[in-house]
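K.L.:
from the sequence below, what's the structure:
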Amino acid sequence: MLDELKTQRKVVGIKQLRKSLKDGQVRKAYVAENADPRLTDPLKEECQRLGVELIEVPTMAELGHACGISVGAAAAGLLT
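P.N.:
The predicted structure follows:
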């Protein structure tokens, strides 16, 4: 499931994901369950509204690692 993040075009981070969702460029979004809900809840709502598949990942560290970065990530998205 997370292997896609290593090999495909992606955006990492709340701001980048929000911008890409607005531009209609996201086909699948990932959100860390332990990230601040004040930041992730609006993203979840936007994904639902746009019909973008949303995958919840247990931790920010796990999502960051899957994205190939050395820090945690609250959100990421695969681009169309």
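K.L.:
switch to C-alpha atoms for all contacts and neighbour counts from now on
P.N.:
OK.
K.L.:
what residue lies at the spatial centre of this protein?
P.N.:
Nearest to the mean C-alpha position of the chain, by C-alpha atoms, centre = their mean, lies residue 76 at 2.4 Å.
K.L.:
so how far is the helix ranked longest in the chain off the chain centroid?
P.N.:
The helix spanning the most residues in the chain, taking DSSP state H as the definition, is helix 37-50. Its chain's C-alpha centre and that of helix 37-50 lie 10 Å apart, by C-alpha atoms, centre = their mean, to the nearest Å.
K.L.:
buried stuff in it?
P.N.:
40, 43, 44, 47 (16 or more other C-alpha atoms under 10 Å).
K.L.:
quick one, what contacts the second one?
P.N.:
So that's residue 43. Residue 43 is in contact with 14, 18, counting by C-alpha atoms under 8 Å, 6 or more residues apart in numbering.
K.L.:
can we see that at 7 Å?
P.N.:
residue 18 (C-alpha atoms under 7 Å, 6 or more residues apart in numbering).
K.L.:
one step back: dump the buried residues of helix 37-50 to TSV, plus pLDDT.
P.N.:
Shown next, in TSV, are the buried residues of helix 37-50 (pLDDT from 0 to 100):
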residue	pLDDT
40	97
43	96
44	97
47	97
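K.L.:
let me know the average pLDDT across the helix or strand just after the longest helix of the chain.
P.N.:
Going down the chain from helix 37-50, the next helix or strand is strand 53-57, by DSSP states H and E. The predicted model gives strand 53-57 an average pLDDT of 97.
K.L.:
can you check stretch 70-77 too?
P.N.:
98.
K.L.:
check stretch 5-13 too.
P.N.:
96.
K.L.:
so how far is the first residue of it from its last?
P.N.:
Using C-alpha to C-alpha, to the nearest Å, the end-to-end distance of stretch 5-13 comes out at 13 Å.
K.L.:
quick one: contacts of that stretch?
P.N.:
Contacts of stretch 5-13 with the rest of the structure, by C-alpha under 7 Å, 6+ apart, involve 17, 66, 67, 68, 73, 74, 75, 76, 77, 78, 79.
K.L.:
what residues sit buried inside that stretch?
P.N.:
5, 10, 11, 12, 13.
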